[in-house]
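In: Predicted model follows, preceded by the sequence.
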Amino acid sequence: MTIEAKLAQLGIDLPEPPKVPPGVRIPFSFVRLHGDRAYLSGHTAQRVDGSLAGPFGKVGEDVLPDAAYDAARLTAVSMLGSLKRELGDLNRVDRWLRIFGMVNTAPDFNEFPAVINGCSDLILELWGEDAGQHARSAIGVAGLPWNFCVEIEAEVAIRP
Amino acid sequence: MTIEAKLAQLGIDLPEPPKVPPGVRIPFSFVRLHGDRAYLSGHTAQRVDGSLAGPFGKVGEDVLPDAAYDAARLTAVSMLGSLKRELGDLNRVDRWLRIFGMVNTAPDFNEFPAVINGCSDLILELWGEDAGQHARSAIGVAGLPWNFCVEIEAEVAIRP
Amino acid sequence: MTIEAKLAQLGIDLPEPPKVPPGVRIPFSFVRLHGDRAYLSGHTAQRVDGSLAGPFGKVGEDVLPDAAYDAARLTAVSMLGSLKRELGDLNRVDRWLRIFGMVNTAPDFNEFPAVINGCSDLILELWGEDAGQHARSAIGVAGLPWNFCVEIEAEVAIRP
């Protein structure tokens, strides 16, 4: 079964390109290809129409850990949207290599791995234990753009 | 026109090697080459003589966003100084791949993309839309060495 | 002399696989291999039996800088334990490329390079100035899993 068939089976629609707030300039690529690698910019949760999805704020204070898990899963979906636009076919993603998960954290929260599992779980569900496996860090940061609760960047190996 | 001719046209001088404060040991390389890749350590703003340049402190509190944009641009210049010393010729930088921008942030600031644009804009000005394009994250961190306001690391593809 | 002989000479034992607290799920790999690269997940200090080692808390407040240096050195040992399990032989690590050091910081601390030197120093001691050399960033973050004081991720080049 293709990755896109699996997504359909899970009822997941890939979002439109990210719509940033008016007046914001983002002079970078969401995906940068070179050789057999794709570098993914820091992604965040989106609605299907491309608009930025909440919840916004600090996990452990404004955002519950479970909602942050969901945001991390939705962030993975955003990354898949970017990869689909860039590669044409998600099955060109050969292997996941590195996921770097950043959680906008309240002072006393530290369950960052449980939050970023929202991303890892979906990747493993779609690509399986071998191709989906990845190195990962999950840390608490002092702030994220537009007060997002989760941002994730990644590196994957692609087929020509 | 070569990258260095463009720098001259913009009136930009590359700085001397970073001069760190007395007693500080930095047992790492500012640029690490391997195959067709150069990994750039976290760089910060420098004066032309190599000394560490301010402004220092937290963006949104001690440092205005515009001054942080300028620091990010100057940080890009520091990276070019390191690349020039390592590669001999900046035209050996074939393509920019990844920029990771870290902003020393006050609690309520979150316009990190606008700050790190100071780096992205200069890279795109010098290398153009194709070679200069890059994946990017721009986040708020709880602290940076010597209280710098901006630190940026990067990965680029190089010609032999 | 092999890397493992050098470790023995230094009296360093590699730890067992990390033992995470009950109920914690870590659906990622501590090392992800692809081509001639190994991507190392964010590692932290361990005891020889694999259990998570302190000190825990914020450097500059709960943890003294010297103790954080020791934790960074122990974190390097954890990374070597993961590489040994994955590669069978630490001499298959050909060259160190990138080290990304994250320090769980108190508001007024910023000597992150001095902390992460604990990792860099051990790597250079074992691999020498050429193979051990690496690009590096050392930053302060708002939180780390289980309130670790130091977490480090890395990328290395490996022999087939």
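Out: Done, it's in. Numbers count the residues shown, from 1 in each chain, chains lettered A, B, ... in the order given.
In: switch to C-alpha atoms for all contacts and neighbour counts from now on
Out: Noted.
In: So which residues on chain A come close to chain C?
Out: Residues of chain A lying near chain C by C-alpha under 8 Å from any C-alpha of the partner chain: A:97-98, A:105, A:107, A:109-114, A:117, A:120-121, A:133-142.
In: try 6 Å
Out: Contacts of chain A with chain C, taken as C-alpha under 6 Å from any C-alpha of the partner chain, map to A:Asn110, A:Glu111, A:Phe112, A:His134, A:Ala135, A:Arg136, A:Ser137, A:Ile139, A:Gly140, A:Val141, A:Ala142.
In: ok, the longest strand seen in chain A: who's next to it in the sheet?
Out: When chain A is parsed with DSSP state E, its longest strand is strand A:93-104. Applying DSSP bridges to the sheet, strand A:93-104 is found paired with strand A:135-141 (parallel), strand A:150-158 (antiparallel).
In: In JSON lines, list those strands along with mean pLDDT, distance to B:Ala157 and mean neighbour count.
Out: Conversion of the strands paired with strand A:93-104 to JSON lines gives the following (pLDDT from 0 to 100; distance: least, C-alpha to C-alpha, whole Å; neighbours: other C-alpha atoms under 10 Å in any protein chain shown):
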{"stretch": "strand A:135-141", "mean pLDDT": "98", "distance to B:Ala157": "22", "mean neighbour count": "26"}
{"stretch": "strand A:150-158", "mean pLDDT": "98", "distance to B:Ala157": "15", "mean neighbour count": "24"}
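In: Spell out the residue ranges of the helices in chain A.
Out: A:3-9, A:65-87, A:112-131 (DSSP state H).
In: out of those helices, deepest packed?
Out: Across the helices of chain A, averaging neighbours per residue (mean count of other C-alpha atoms under 10 Å in any protein chain shown) puts helix A:65-87 on top, at a mean of 22.
In: CA atoms only for that one, dumped as CSV, please.
Out: Taking C-alpha atoms only, helix A:65-87 is exported to CSV below (Å, rounded to 0.1, in the frame of the first residue of the first chain):
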residue,chain,number,x,y,z
PRO,A,65,0.3,17.6,27.0
ASP,A,66,-2.3,15.6,25.1
ALA,A,67,-3.1,18.6,22.9
ALA,A,68,0.6,19.1,22.3
TYR,A,69,0.9,15.4,21.3
ASP,A,70,-1.9,16.1,18.7
ALA,A,71,-0.1,19.2,17.5
ALA,A,72,3.1,17.2,17.0
ARG,A,73,1.1,14.7,15.0
LEU,A,74,-0.4,17.5,12.9
THR,A,75,3.1,18.9,12.5
ALA,A,76,4.1,15.6,10.9
VAL,A,77,1.1,16.0,8.6
SER,A,78,2.4,19.5,7.6
MET,A,79,5.8,18.0,6.8
LEU,A,80,4.2,15.4,4.6
GLY,A,81,2.3,18.1,2.8
SER,A,82,5.6,19.9,2.1
LEU,A,83,7.3,16.7,1.0
LYS,A,84,4.4,15.8,-1.3
ARG,A,85,4.5,19.2,-3.0
GLU,A,86,8.3,18.9,-3.4
LEU,A,87,8.7,15.3,-4.4
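In: Tell me, how many residues neighbour the nearest residue to A:Met79 once chain neighbours are set aside?
Out: Leaving aside its chain neighbours, A:Met79 sits nearest to A:His43 (6.3 Å; criterion: C-alpha to C-alpha, 6 or more residues apart in numbering or on different chains). For A:His43, the neighbour count with other C-alpha atoms under 10 Å in any protein chain shown is 25.
In: right, and A:His43 touches A:Ile152 too?
Out: Yes. Counting by C-alpha atoms under 6 Å, A:His43 does reach A:Ile152; the two are 5.3 Å apart.
In: Distance-wise, check A:Gly50 relative to chain C.
Out: Counting by C-alpha to the nearest C-alpha, to the nearest Å, the separation of A:Gly50 from chain C is 28 Å.
In: Chain A against chain B: which residues are in contact?
Out: So chain A meets chain B at A:28-32, A:40-42, A:141-146 (C-alpha under 6 Å from any C-alpha).
In: neighbour-wise, which of these leads?
Out: Counting neighbours by other C-alpha under 10 Å, the top entry in the residues of chain A next to chain B is A:Gly143, with 34 neighbours.
In: Now do the same for that one: its pLDDT.
Out: Predicted confidence (pLDDT) for A:Gly143: 98.
In: Okay, and the beta partners of it?
Out: With DSSP bridges as the rule, A:Gly143 is bridged to B:Gly140.
In: sorry, back to before: how about the residues of chain A next to chain C, which pair is most distant?
Out: A:His134 and A:Ala142 (24.9 Å; C-alpha to C-alpha).
In: doesn't A:Gly60 make contact with A:Ala106?
Out: Yes. Using C-alpha under 6 Å, A:Ala106 is in contact with A:Gly60, at 5.4 Å.
In: Between those two, tell me which one has more neighbours.
Out: A:Ala106 (20 against 17).
In: what residues are up against the more buried one?
Out: Residues counted as contacts of A:Ala106 (C-alpha atoms under 6 Å, 6 or more residues apart in numbering or on different chains) are A:Lys58, A:Val59, A:Gly60, A:Glu61.
In: which one is the last one nearest to, not counting chain neighbours?
Out: Yep, that's A:Glu61 we're talking about. Of all residues not flanking A:Glu61 in the chain, A:Ala106 sits nearest, at 5.7 Å (C-alpha to C-alpha, 6+ apart).
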